[in-house]
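give me a model of this one.
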Amino acid sequence: MLTLLSSIYSVVVRCRATLYRLGVLPSQRLPAPVISVGNLTAGGTGKTPLVGFLCLRLEQAGYQPAILSRGYKGSAEKTACLVSDGVKVGCTPRESGDEAFELASRLSSVPVAVGANRLRSGALVPASDRRVFLLDDGYQHLRIHRDLNLLTIDATAPLGAGRLLPAGLLREPPAAAERANWIIITRAHQVDDLTGLRSELRSFNQKAPILEFRNRPTDLVDLASGRLEPLDLLRNAPVGVLAAIGNPRQFIADVSSMEMRVEREFLFPDHHWFSREEIEKVIASKRQNELHAIVTTEKDAVRLRELDLDFGGFYSLRILAEPIDFGRFESEFQRWLDTLDDKPRANLTARELL
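As a prediction, the model looks like this:
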């Protein structure tokens, strides 16, 4: 049954992509250049740290990035909400969703807006002649024209075993990689040999540069105080890992790579909103098993802080995405920046925002 449903799903997504490619379904422009960051698979591929890195790099180049996110599982997903105007955060995590709130909190100078209709949410962002929009999780959001289309591929689980939803994890067939302007292999540092993956990606897209990124843990964030602590604070210490993300095994690998001894795992479905009872059980297990700390992700920390609990001994692991070959990334990035003055702009009408 799942195989049959996957076959039907494949026909639908192929037809949709073809209609956009032929212009039967039109793509619309936002009033500033757009970088889309997305993937072919369901679950985490390291998009959020990459979006953060690109925002910082754009600011360094003198531009003013703004992030447009769907706001998955937030109450504003079906409407629109300006999570941050680049000065202060104006939405709650339950309104914006955890990922958008994390980005807004961490990138305090970057406007963040959420909503399934990215044209509508884009209109909420303060205007600037140096604006660049980042479309978070935008690879399948073909309604929006993009000036730079980035496809992220997780080196540790690259193409979802080759099967489409619901039988597998692929949102689109691998051949959809042909739409990418750049292909970014995330978590490349965790795989010894990427020759086979690079060859497979080249069979779908002969032109796009293939860039490799790694995730580098930088700090621990004390959930009780908000203080940044050095990574070696928990070196050789027994810890538990708490995660409700798409790819928890890779997060556990990140924690272990910092020489923390992972002795307990508390794993929940992606984007799960923790109950007070669930976290009280985690705290009790921490005490009973004499764990020095509970380590979680920054996305999970957003949802944990909604609970009125004592989070002494809880830390989130801050992770930075960075290119392995920085020189090559800079060359490609600067080449794209040099084209920005030639990019057309749109003046959106109220009808186009609906």
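
list the contacts of the helix or strand that Ile294 is a member of.
Ile294 is part of strand 293-297 when elements are defined by DSSP states H and E. Contacts with strand 293-297, where a contact means Cβ atoms under 8 Å, 6 or more residues apart in numbering, come from 220, 223, 234, 237, 239-243, 245, 251, 255, 260, 266, 282-283, 286, 304, 313-317. To be clear about C-beta, it is placed using only N, CA and C from the backbone, and glycine gets the same treatment.

mind checking which of those land in helices?
Among the contacts of strand 293-297, DSSP state H puts 251, 255, 282-283, 286, 304 in helices.

so in this protein, which strand runs the longest?
strand 210-222 (DSSP state E).

just checking: what are the partner strands of the next helix or strand after that one?
With elements assigned by DSSP H and E, the helix or strand that comes after strand 210-222 is strand 228-229. Strand partners for strand 228-229, identified by DSSP bridges, are recorded as strand 210-222 (antiparallel).

hey, C-alpha coordinates of the partner strand in CSV?
Taking only C-alpha atoms (Å, rounded to 0.1, in the frame of the first residue of the first chain), the coordinates of strand 210-222 have been written out as CSV:
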residue,chain,number,x,y,z
ILE,A,210,28.9,21.0,-5.0
LEU,A,211,30.1,22.5,-1.7
GLU,A,212,30.8,20.7,1.5
PHE,A,213,29.8,22.0,4.9
ARG,A,214,30.4,20.8,8.4
ASN,A,215,28.7,21.4,11.7
ARG,A,216,31.0,22.8,14.4
PRO,A,217,29.8,22.9,18.0
THR,A,218,30.9,26.2,19.5
ASP,A,219,29.4,26.6,23.0
LEU,A,220,27.0,25.2,25.6
VAL,A,221,24.1,27.4,26.6
ASP,A,222,23.0,27.0,30.2
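
and it, which residues are buried?
For strand 210-222, the buried set under the neighbour-count rule, 16 or more other Cβ atoms under 10 Å, comprises 210-215, 219-222.

isn't Ser10 up against Pro166?
No: in this structure, Ser10 is not within contact of Pro166 by Cβ atoms under 8 Å, at 11.4 Å.

rewinding a little: what angle do the longest strand of the chain and strand 293-297 make?
140 degrees (axes from the mean of the first three to the mean of the last three Cα atoms, to 10 degrees).

what is the burial count for the residue lying closest to Gly313 once chain neighbours are set aside?
The shortest distance from Gly313 to any non-neighbouring residue, by Cβ to Cβ, 6 or more residues apart in numbering, is to Ala293 (5.0 Å). When neighbours are counted by other Cβ atoms under 10 Å, Ala293 registers 20.

could you do Gln334 as well?
10.

check the gap between Asp325 and Arg187 for me.
15 Å (Cβ to Cβ, to the nearest Å).

which of the ones in helices among the contacts of strand 293-297 are buried?
251, 255, 282-283, 286, 304.

most widely separated two among those residues?
Phe251 and Ile283 (19.9 Å; Cβ to Cβ).

can you check what pLDDT the model gives Gln250?
Gln250 is assigned 88 on the pLDDT scale.

so who does it touch?
When contacts are counted by Cβ under 8 Å, 6+ apart, Gln250 touches 44, 154, 156, 187, 190.

I'd assumed the first one was in a helix, is it?
No: Gly44: not assigned to a helix; according to DSSP: H, G, I helix; E, B strand; the rest coil it is coil.

could you check how far the nearest residue in space to it that is not next to it in sequence is from Glu99?
Leaving aside its chain neighbours, Gly44 sits nearest to Gly246 (3.4 Å; criterion: Cβ to Cβ, 6+ apart). Gly246 sits at a distance of 11 Å from Glu99 (criterion: Cβ to Cβ).

would you mind telling me which of the two has the busier surroundings?
Neighbour count, other Cβ under 10 Å: between Gly246 and Glu99, Glu99 has more, with 29 against 21.
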